[in-house]
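# Mind folding the following:
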Amino acid sequence: MAIHSLQDTTTLNNGVKMPWLGLGVWKVTEEGQVEKAVLSALEAGYRSIDTAAIYGNEEGVGRALRDSGIPRDQIFVTTKVWNSNQGYESTLAAFDESMQKLGLDYLDLYLIHWPVAGKYKDTWRALEKLYKDGKVRAIGVSNFHVHHLKDLLADAEAVPTVNQVEYHPLLSQEELRAFCREKKIQLEAWSPLMQGNLDHEVITQLAQKYGKSPAQIVLRWDLQNEVVTIPKSVTPARIAENADVFDFELSPDDMAALNGLNEDRRFGPDPDNFDF
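Numbers count the residues shown, from 1 in each chain. The predicted structure is shown next:
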């Protein structure tokens, strides 16, 4: 699939279009910092912003969206329900709180942040209600392994549109990727840049070969593997650099070299073993 610009989109399993590349705002909590990052991204042409209740910056994201002057229907906004708010009624209440903070009257994508045992099915029923009520254009999950997805799908009315997971060359999650492709669940990468751990010989060599940064090589690899990606940055120059990945294409051999780097290595928690 050819992805040629920052405005290019993937079509989710319910027909909604989602940009391939967006801005993540995890851990961006300093006063005014998230507004600057979001405004920089929107000025650079980004049209997808990914936040979460636990990030503590939904209000700042909402301010930046309003201050940008860009029509609401041109920006794809994602947020997530946090673990302590999972369950049917508490998820509905958490959604209302997120919407109040964002200052929006509808959301583009709402995700279950982590697969909390014994709760994520009730949480999913709440998301299905929000979707039916027209408050969310698409619903999905985050950090779900194959076994979580199979368990959810056994009772779900709607198939998740997205599964946002840790994904990068050292953690390529091929089994999960294949399962999501089969079920038409769009895979999305968080921490695509391995939390800055890009000093790898293959990545460095490819950066020199293509005249790009190591980060740009990894982001291009994501896109050519048809994985939506949301690199985080608060620096305007880096935000622009992360988006400058549409003027080159990695060769099949170079894609194979990157695909071969997998070590099943996580920089974040394992969804089967998290305690928050």
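
# In three-state terms, how would the closest residue to Leu102 other than its chain neighbours be classified?
Sequence neighbours aside, Gly62 is the residue nearest to Leu102 in space, at 4.1 Å (criterion: Cβ to Cβ, 6 or more residues apart in numbering). Just so you know, the C-beta spots here come from the backbone N, C-alpha and C atoms, and that holds for glycine as well. Secondary structure, DSSP: H, G, I helix; E, B strand; the rest coil: Gly62 is helix.

# so Gly62 touches Met99, yeah?
No - counting by Cβ atoms under 8 Å, Met99 is not a contact partner of Gly62; they are 9.2 Å apart.

# To what extent is Ala154 buried, counted in neighbours?
8 (other Cβ atoms under 10 Å).

# Against Leu12, how distant is it?
Distance from Ala154 to Leu12, counting by Cβ to Cβ, to the nearest Å: 21 Å.

# cool, and Asp264?
28 Å.

# who has more neighbours, these two?
The neighbour count for Asp264 versus Leu12, taken as other Cβ under 10 Å, is higher for Leu12 (22 against 10).

# May I have the residues that are in contact with that one?
When contacts are counted by Cβ atoms under 8 Å, 6 or more residues apart in numbering, Leu12 touches Met18, Ala138, Thr161, Val162, Gln186.

# what do you get for Asn57?
Listed by Cβ under 8 Å, 6+ apart, the contact partners of Asn57 are Val25, Val28, Thr29, Val34, Thr51.

# Let's see that with 6 Å instead.
Val25, Val28, Thr29, Val34 (Cβ atoms under 6 Å, 6 or more residues apart in numbering).

# now these: which count as buried?
Neighbour counting by 16 or more other Cβ atoms under 10 Å classes Val25, Val28, Val34 among the contacts of Asn57 as buried.

# Of all the residues you listed, the one with the weakest confidence?
Among the buried ones among the contacts of Asn57, Val28 carries the lowest pLDDT, at 80.

# which secondary structure element contains the closest residue to it other than its chain neighbours?
In space, and not counting its chain neighbours, Val28 is closest to Val34: 4.5 Å by Cβ to Cβ, 6+ apart. Using DSSP states H and E, Val34 sits within helix 33-43.

# who touches that helix?
Counting by Cβ under 6 Å, 6+ apart, residues outside helix 33-43 touching it are 23, 25, 28, 49, 57, 60-61, 63-64, 68, 70, 234, 236, 239.

# Try it again at 8 Å.
23, 25, 28, 49, 57, 60-61, 63-65, 67-68, 70, 75, 233-234, 236, 239-240, 243.

# Mind checking which of the residues you listed are in strands?
Counting by DSSP state E, the part of the contacts of helix 33-43 found in strands is Leu23, Ile49.

# just the buried members of the contacts of helix 33-43?
23, 25, 28, 49, 57, 60-61, 63-65, 68, 75, 233-234, 239-240, 243.

# For His148, grab the count of nearby residues.
20.

# Find the nearest non-adjacent residue to it, please.
Excluding the flanking residues, the one nearest His148 by Cβ to Cβ, 6+ apart is Pro115, at 4.3 Å.

# Who has more neighbours out of Gly62 and Met99?
Per other Cβ under 10 Å, whichever of Gly62 and Met99 has more neighbours is Gly62, with 23 against 20.

# and the more buried one, what is it in contact with?
Lys101, Leu102, Gly103, Leu104.

# CA atoms only for the strand or helix carrying Val165 - export them in CSV, please.
Using DSSP H and E, Val165 falls within strand 162-166. C-alpha atoms of strand 162-166 as CSV (Å, rounded to 0.1, in the frame of the first residue of the first chain):
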residue,chain,number,x,y,z
VAL,A,162,-8.0,-0.5,16.4
ASN,A,163,-5.6,-2.2,18.8
GLN,A,164,-2.9,0.2,19.9
VAL,A,165,0.2,-1.7,21.2
GLU,A,166,3.9,-1.3,21.8
